[in-house]
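Colleague: coords please:
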Amino acid sequence: MRKPGARQVTTVKKNMAETPRSSTLSDVAYERILENLFNKTLPAGAFVSQRHLVDLLDVPIAPLRDALRVLEAEGILKIHPRSGIEFVKPGLELTRSTYQFRAIIERSAVRAFAETANEDVFTSLIAKHDALIERLEAGEQGESVLTALEHLEGDLHNTIVETLNNPLISSSYQRMHNYLRLVRLDRRLTPPVMLRSLHEHLSILEACKARDADAAEAAIQQHFGAALQRHIGFS
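Modeller: Presented below is the predicted three-dimensional model:
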C-alpha cells in the first residue's frame with residue numbers, strides 16, 4: 001500500500017464516485033493508522049475512541065472500521081465494543097515471536113538466495129554495506145546514517161525473502177514487518193551497534209557470494225540471535 005500524501009487523498013475524495021469508496025478509503029485509513037503509530041502520534045499501548053481516530057486521520061467512520069478490523073486480525077490492536085480501540089504495547093513475548101518468525105522465513109529464503117541469486121546482487125549489497133561502514137568509522141552520526149541503515153536493512157532482508165517468489169510468504173512477511181517496527185520504536189542505535197549489525201550482514205552476504213547455503217543460513221540465524229539479544233538488552 002502506498003503512503004498517501006495530501007494530493008493523493010484529495011484525488012481519492014474527488015474520484016469517490018468512480019472507485020469503490022469503502023475499499024479505497026479503508027486503505028488510506030489503514031496506512032494512516034500505521035503511520036501515526038510508527039511516528040508515535042498514537043503511542044503504543046494507547047486506548048482511543050473511534051471518534052478520536054476519525055478526527056486524527058480525517059477519514060469517515062465506515063472505512064475506518066474496515067481498517068480497524070484488518071489491523072485487529074493482524075494483531076496490531078484490539079477493538080473493545082462500546083469502549084474503544086487498544087493498540088498493542090510491544091513486550092518481550094512479541095519481540096521474541098517476531099524474531100522467531102523472521103528466522104523461520106529467512107533461514108529458508110537465504111538458502112535459495114545463496115544458491116540462485118545473481119552475483120551482481122551480492123556485489124551491490126556488499127558495496128553498499130562497505131560504504132555505510134566507512135561513513136560510521138569516519139565518525140558520521142545523525143539521522144542520515146540512521147536512515148541509510150534502515151533502508152539497507154530493508155534492501156537486504158526484502159531481497160532475500162523475495163527470492164522465494166511466494167506471494168503468501170511475502171504478504172505474511174510484510175505483516176510481520178509491522179510488528180518489527182513496533183518492537184523497534186524505542187530502539188537505540190549507537191555507531192557500535194550499527195557497525196555490529198552491518199558486519200553481521202556482511203557475513204551473510206559473503207557466505208551467499210561463496211554459494212555456501214549452510215554458512216548463509218548459520219550467519220542469518222546468528223544475526224537474528226544477536227539482534228534479539230541487543231533488543232532485549234536495550235528494553
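Colleague: Now stretch 143-161 - C-alpha only, CSV.
Modeller: Taking Å, rounded to 0.1, in the frame of the first residue of the first chain, the C-alpha atoms of stretch 143-161 are listed here in CSV:
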residue,chain,number,x,y,z
GLU,A,143,19.6,11.0,11.1
SER,A,144,21.3,10.5,7.7
VAL,A,145,23.2,7.3,8.8
LEU,A,146,20.2,6.0,10.7
THR,A,147,18.0,6.4,7.6
ALA,A,148,20.7,4.8,5.5
LEU,A,149,20.9,1.8,7.8
GLU,A,150,17.1,1.4,7.9
HIS,A,151,17.0,1.4,4.1
LEU,A,152,19.9,-1.0,3.8
GLU,A,153,18.3,-3.4,6.3
GLY,A,154,15.1,-3.4,4.2
ASP,A,155,17.0,-3.8,1.0
LEU,A,156,18.9,-6.9,2.2
HIS,A,157,16.1,-8.7,4.0
ASN,A,158,13.4,-8.0,1.5
THR,A,159,15.7,-9.1,-1.4
ILE,A,160,16.4,-12.4,0.5
VAL,A,161,12.6,-13.1,1.1
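Colleague: That one: which residues count as buried?
Modeller: Neighbour counts over stretch 143-161 (16 or more other Cβ atoms under 10 Å) mark 145, 148-149, 152, 156-157, 159-161 as buried. To be clear about C-beta, it is placed using only N, CA and C from the backbone, and glycine gets the same treatment.
Colleague: What of stretch 160-178?
Modeller: Buried, per 16+ other Cβ under 10 Å, within stretch 160-178: 160-161, 163-164, 173, 176-178.
Colleague: Cross those residues against helices and list the overlap.
Modeller: If you go by DSSP state H, those have 160-161, 173, 176-178 in helices.
Colleague: coming back round to it: looking at the buried residues of stretch 143-161, which is nearest residue 196?
Modeller: The closest of the buried residues of stretch 143-161 to residue 196 turns out to be residue 149 (Cβ to Cβ; 11.5 Å).
Colleague: the helices in this structure, which residues?
Modeller: Using DSSP H, helices in the chain cover 6-14, 21-38, 50-57, 61-73, 92-116, 119-137, 143-162, 167-183, 191-209, 213-234.
Colleague: To residue 86, which of these lies closest?
Modeller: Here helix 61-73 is closest among the helices of the chain (Cβ to Cβ), at 9.8 Å.
Colleague: and which of the buried residues of stretch 143-161 is nearest to residue 111?
Modeller: When those are compared for distance to residue 111 (Cβ to Cβ), residue 160 wins out at 9.7 Å.
Colleague: Can you give me the separation between the closest one and residue 90?
Modeller: 24 Å (Cβ to Cβ, to the nearest Å).
Colleague: Low-confidence stretches in the protein?
Modeller: Residue ranges of the chain with pLDDT under 70: 1-23, 234-235.
Colleague: what do you get if the cut-off is 80, keeping everything else the same?
Modeller: Residues of the chain meeting the criterion pLDDT under 80: 1-23, 186-187, 233-235.
Colleague: quick revisit: okay if I get the buried residues of stretch 143-161 as CSV plus distance to residue 189?
Modeller: Listed next are those as CSV, based on distance: Cβ to Cβ, whole Å:
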residue, distance to residue 189
145, 9
148, 11
149, 7
152, 13
156, 16
157, 16
159, 21
160, 21
161, 23
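Colleague: hmm, back to that, most widely separated two among the buried residues of stretch 160-178?
Modeller: Every pair of the buried residues of stretch 160-178 checked by Cβ to Cβ; the farthest is 163 and 178, at 21.6 Å.
Colleague: contacting residues for the residue nearest to residue 205 when sequence neighbours are not counted?
Modeller: Nearest non-adjacent residue to residue 205, counting by Cβ to Cβ, 6 or more residues apart in numbering: residue 126, 5.1 Å away. Counting by Cβ atoms under 8 Å, 6 or more residues apart in numbering, residue 126 touches 202, 205-206, 209.
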